[in-house]
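Chemist: Have a look at this fold, sequence not included:
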């Protein structure tokens, strides 16, 4: 296998030089990207006659020993952990201005670069149960993380510093992430262990940023989408509370009506000699106290139902229900496609294979139902499949978008094609989001109005029935 000389940048923006051995240039690039490095330069070294001198080792006993040519004294440079050298080769320094340091020989043979840039998900039982997070807090958190990552500050230092200025429920997760990142681990692995704070699409966006080397953009993308989501959810939450209060107040209104009717009966029995205000107040108070357990039971049942509906086990059901809801469902689908195409455009710039690009990008999709459909399609892909074919088979995007991606594959400029598709899907999402905000107000106001009219009709019917009963009794 040939050797490749590289120049990469780590998460701190520092330049790292070195060499590695791989089957081809794509495999070498994938190995570097999977180690969390941004590739600046990658080129194959010259033939073994001019650059390499082979020495026999126990892994290759048949090779003939060749006396290496004298090389200038050089300082060793760091190599990414993901790039694995084959022990049968030793690289001499280049005679050029920038020499290549000799590679360290492992004790056992190495099969070559590791191509899997997608880490295995954490076990489902390996998580921490905390209070629920919200989109507003995530917006402030990730907008600040984006500033830290873009400024070049050490990620562990940024996470530690930010943990002092966030709500208490986020502090432990950020400290945990800082500890893991300082040891060379991945931030997404830690966030995945706090599912009540960080939704799967947030973790997926961070994971894609780590694998493809666009962490600042990933942080800012999460912050932007959390802000948009917070605005819509705040509006919907207002109508949810009004719905609960309207139903829960019905027993109180009914108790007031029944108390008023009871006071009229008492006045009739006393010949109208009882004090009016005191009699009405006492009758209503007794009626409300009598109906208080039922009122509290209804209110508690509605609130428990609301909390259960928004719980973690109901997440998939909520996402399926959202997709099938008029107006809101179109917005949810457009948001999922916008996040998918944006992530694919960013990941494709790292030179990963179409299969890896698709599997990484789908993890950034917020709707679980849509994400499952995409994952099923991604599992069918092979390393030889094209992105355009996978997008067409999913049937979630217009055919024209798949054609744009296919044109990029033919011309060799897939990232630009995906950027164009991402712009189109984002424009569609922005339009549907504006429509959803306006339409949801009218739709929920109409539902609330119908509910109020039904309750009023029922209460008025109760009132008139009571009046007629009192009149009949007097007669």
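Modeler: Right, received. Where do you want to start? Values in this document were obtained by computation on a predicted structure and should not be read as measured data.

Chemist: Measure how buried residue 271 is and give me the count.
Modeler: A count of neighbours around residue 271, defined by other CB atoms under 10 Å, yields 7. Placement of C-beta: from N, CA and C, glycine included.

Chemist: Now do the SS call for it.
Modeler: coil (DSSP: H, G, I helix; E, B strand; the rest coil).

Chemist: repeat for the one 3 residues further on
Modeler: Going by three-state DSSP, the secondary structure assigned to residue 274 is coil.

Chemist: Packing partners of the host helix or strand of residue 444?
Modeler: For residue 444, the element it lies in under DSSP states H and E is helix 414-474. When contacts are defined as 3 or more CB pairs under 8 Å, 6 or more residues apart in numbering; DSSP states H and E, helix 414-474 packs onto helix 215-269, helix 328-348, helix 399-411.

Chemist: now the helix or strand that the second one is followed by, how far from the centre of its chain.
Modeler: Read in the C-terminal direction, the helix or strand following helix 328-348 is helix 354-361, with elements assigned using DSSP H and E. For helix 354-361, the separation from the chain centroid amounts to 16 Å (computed by CA atoms, centre = their mean, to the nearest Å).

Chemist: ok, now stretch 438-456?
Modeler: 32 Å.

Chemist: So what touches that stretch?
Modeler: 232, 235, 236, 239, 242, 243, 246, 247, 250, 253, 327, 328 (CB atoms under 8 Å, 6 or more residues apart in numbering).

Chemist: From the residues you listed, pick the one nearest residue 205.
Modeler: Set against residue 205, the nearest of the contacts of stretch 438-456 by CB to CB is residue 232 (18.8 Å).

Chemist: Show the contacting residues for the closest one.
Modeler: 331, 433, 436, 437, 440.

Chemist: repeat for residue 146
Modeler: Contacts of residue 146 by CB under 8 Å, 6+ apart are 216, 217, 219, 220, 223.

Chemist: likewise residue 284?
Modeler: Per CB under 8 Å, 6+ apart, neighbours of residue 284: 255, 256, 259, 260, 263.

Chemist: Could I get the residues you listed in CSV, plus columns for neighbour count?
Modeler: Shown next, in CSV, are those (neighbours: other CB atoms under 10 Å):
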residue, neighbour count
255, 21
256, 19
259, 23
260, 16
263, 22
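
Chemist: Which positions in stretch 160-169 come out as buried?
Modeler: Neighbour-count burial for stretch 160-169 flags 160, 162, 163, 169 (criterion: 16 or more other CB atoms under 10 Å).

Chemist: Could you tell me which of the residues you listed belong to helices?
Modeler: 160, 162, 169 (DSSP state H).

Chemist: which of those residues lies closest to residue 285?
Modeler: residue 169 (42.4 Å).

Chemist: excluding its backbone neighbours, what's nearest the closest one?
Modeler: Leaving aside its sequence neighbours, residue 169 sits nearest to residue 131 (CB to CB, 6 or more residues apart in numbering; 4.5 Å).

Chemist: where does that neighbour land in three-state SS?
Modeler: Per three-state DSSP, residue 131 ends up coil.

Chemist: how near is it to residue 166?
Modeler: 13 Å (CB to CB, to the nearest Å).

Chemist: Would you map out the domains in this protein?
Modeler: 3-83, 135-198, 232-475 (automatic domain parsing).

Chemist: Quick check: which of those domains is buried the most?
Modeler: Most buried of these, by mean neighbour count (mean count of other CB atoms under 10 Å): domain 135-198, with a mean of 18.

Chemist: And that one, end to end?
Modeler: 9 Å (CA to CA, to the nearest Å).

Chemist: rewinding a little: report the lowest-confidence entry in the contacts of residue 232.
Modeler: Lowest in pLDDT among the contacts of residue 232 is residue 440, which has 73.

Chemist: And it, how close does it get to residue 283?
Modeler: Residue 440 is 42 Å from residue 283, by CB to CB.

Chemist: swap in residue 27?
Modeler: 86 Å.

Chemist: again with residue 349
Modeler: Applying CB to CB to residue 349 and residue 283 gives a distance of 75 Å.

Chemist: on that earlier part again, can I get the contacts of residue 232 in JSON lines including distance to residue 135?
Modeler: Formatted as JSON lines, the contacts of residue 232 follow (distance: CB to CB, whole Å):
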{"residue": "331", "distance to residue 135": "15"}
{"residue": "433", "distance to residue 135": "14"}
{"residue": "436", "distance to residue 135": "15"}
{"residue": "437", "distance to residue 135": "15"}
{"residue": "440", "distance to residue 135": "16"}
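
Chemist: Going by distance to residue 342, which of those wins?
Modeler: So of these, ranked by how close each gets to residue 342 (CB to CB), first place is residue 433, at 15.0 Å.

Chemist: So that closest one versus residue 439, what's the distance?
Modeler: Taking CB to CB, one finds residue 433 at 11 Å from residue 439.

Chemist: packing partners for the helix or strand hosting residue 190?
Modeler: Per DSSP H and E: residue 190 is located in helix 187-191. Using 3+ CB pairs under 8 Å, 6+ apart, the elements in contact with helix 187-191 are helix 168-182, helix 200-212.

Chemist: Grab the nearest non-local neighbour of residue 263.
Modeler: residue 283 (3.9 Å).

Chemist: The one you found contacts residue 255, correct?
Modeler: No: using CB atoms under 8 Å, residue 283 is not in contact with residue 255; the gap is 10.1 Å.

Chemist: Now do the contacts for the nearest residue to residue 466 once chain neighbours are set aside.
Modeler: Of all residues not flanking residue 466 in the chain, residue 261 sits nearest, at 3.8 Å (CB to CB, 6+ apart). By CB under 8 Å, 6+ apart, the residues touching residue 261 are 463, 466, 467, 469, 470.

Chemist: With distance to residue 357 as extra columns, can I get the residues you listed in JSON lines?
Modeler: Listed next are those as JSON lines, based on distance: CB to CB, whole Å:
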{"residue": "463", "distance to residue 357": "67"}
{"residue": "466", "distance to residue 357": "70"}
{"residue": "467", "distance to residue 357": "73"}
{"residue": "469", "distance to residue 357": "74"}
{"residue": "470", "distance to residue 357": "77"}
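
Chemist: Any idea which of these the model trusts least?
Modeler: The member of these with the lowest pLDDT is residue 470, at 67.

Chemist: distance between the helix holding residue 190 and the chain's centre?
Modeler: For helix 187-191, the distance to the chain centre is 12 Å (CA atoms, centre = their mean).

Chemist: Please report how far residue 287 lies from residue 293.
Modeler: Distance from residue 287 to residue 293, by CB to CB: 13 Å.

Chemist: what would the contacts of residue 146 look like in TSV with pLDDT?
Modeler: Shown next, in TSV, are these (pLDDT from 0 to 100):
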residue	pLDDT
216	92
217	93
219	94
220	94
223	94
